[in-house]
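Asks: Take this sequence and fold it.
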Amino acid sequence: MKPFSTTALLNQPVADLWLEIRDRLPELVPRLGDIRAVIPLERSSQGAITRIVNRWEADPKIPQALASALKMDALYWIDRAEWNDSTRECRWKIEPGFFADRIRCHGSTLYEPAMGGRGTRITFRGELNVTVGSLVGSAVAGAIESFVTAVIPRNFQALANAAASSLAGKAGRPLTR
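Replies: This is a model prediction of the structure:
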């Protein structure tokens, strides 16, 4: 297991960022560099829990050696998320579109008040496990782990900043970190 994490500190209230990312994710795509689309597949709510399944499509800059080894034209993954309104925590699992039987990725995102209640701290944590087998050599598995554990936190930072920027534009508030 290879852990990864990142924290975003934003000048918008917790409730606003929570709803912006949970409910308006596809609208934020134009603000996300290498994300081509977020396609909602399923959504259900029961009490404080909202379950959302999205398909993410991306065009990241994949190192040539890794792209050749993976023999892939496009990168996509299925994101299964459970959003808990009571705790402001989102637990998620990512199912990649390649080597899905050999890659496990899961984690959580916690939204907390910051800056004396005027802002939000979002802590994003996860773990990635790439199983080495005859299809995937240890060098390829290591390259996948290194690439993915760098890309996921970077994309989350871009998403957090896109949501904050969207909210700031709607409210005329400055965007700070």
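Asks: Now do the buried residues in the longest helix along the chain.
Replies: Of all the segments assigned as helix in the chain under DSSP state H, the longest by residue count is helix 138-171. Across helix 138-171, burial judged by 16 or more other CB atoms under 10 Å covers 140-141, 143-145, 147-149, 151-153, 155-164, 166-168. Every residue, glycine included, has its C-beta placed from N, CA and C.
Asks: same question, stretch 14-21
Replies: The neighbour-count check on stretch 14-21 (16+ other CB under 10 Å) flags 14, 16, 17, 18, 20, 21 as buried.
Asks: I figured residue 144 was touching residue 96, is that so?
Replies: No - under the criterion of CB atoms under 8 Å, residue 144 is not in contact with residue 96, lying 9.0 Å apart.
Asks: Next, show the common contact partners of these two.
Replies: Each of residue 103 lies in contact with both residue 144 and residue 96 under the rule CB atoms under 8 Å, 6 or more residues apart in numbering.
Asks: sec struct for residue 38, please.
Replies: Secondary structure, DSSP: H, G, I helix; E, B strand; the rest coil: residue 38 is strand.
Asks: And for it, the neighbour number?
Replies: Each residue near residue 38 was counted by other CB atoms under 10 Å, and the total is 18.
Asks: what residues are up against it?
Replies: So residue 38 contacts 25, 26, 28, 29, 54, 55, 56, 57 (CB under 8 Å, 6+ apart).
Asks: With residue 78 instead?
Replies: Remark: with contacts taken as CB under 8 Å, 6+ apart, residue 78 is in contact with 41, 53, 54, 55, 56, 94, 95, 97.
Asks: at 7 Å what do you get?
Replies: By CB atoms under 7 Å, 6 or more residues apart in numbering, residue 78 lies in contact with 53, 55, 95.
Asks: Closest to residue 114 out of the residues you listed?
Replies: residue 53 (29.4 Å; CB to CB).
Asks: Now do the helices in the protein.
Replies: Per DSSP H, the chain carries helices over the ranges 14-23, 25-28, 64-70, 138-171.
Asks: Having no further points to raise, I will conclude here.
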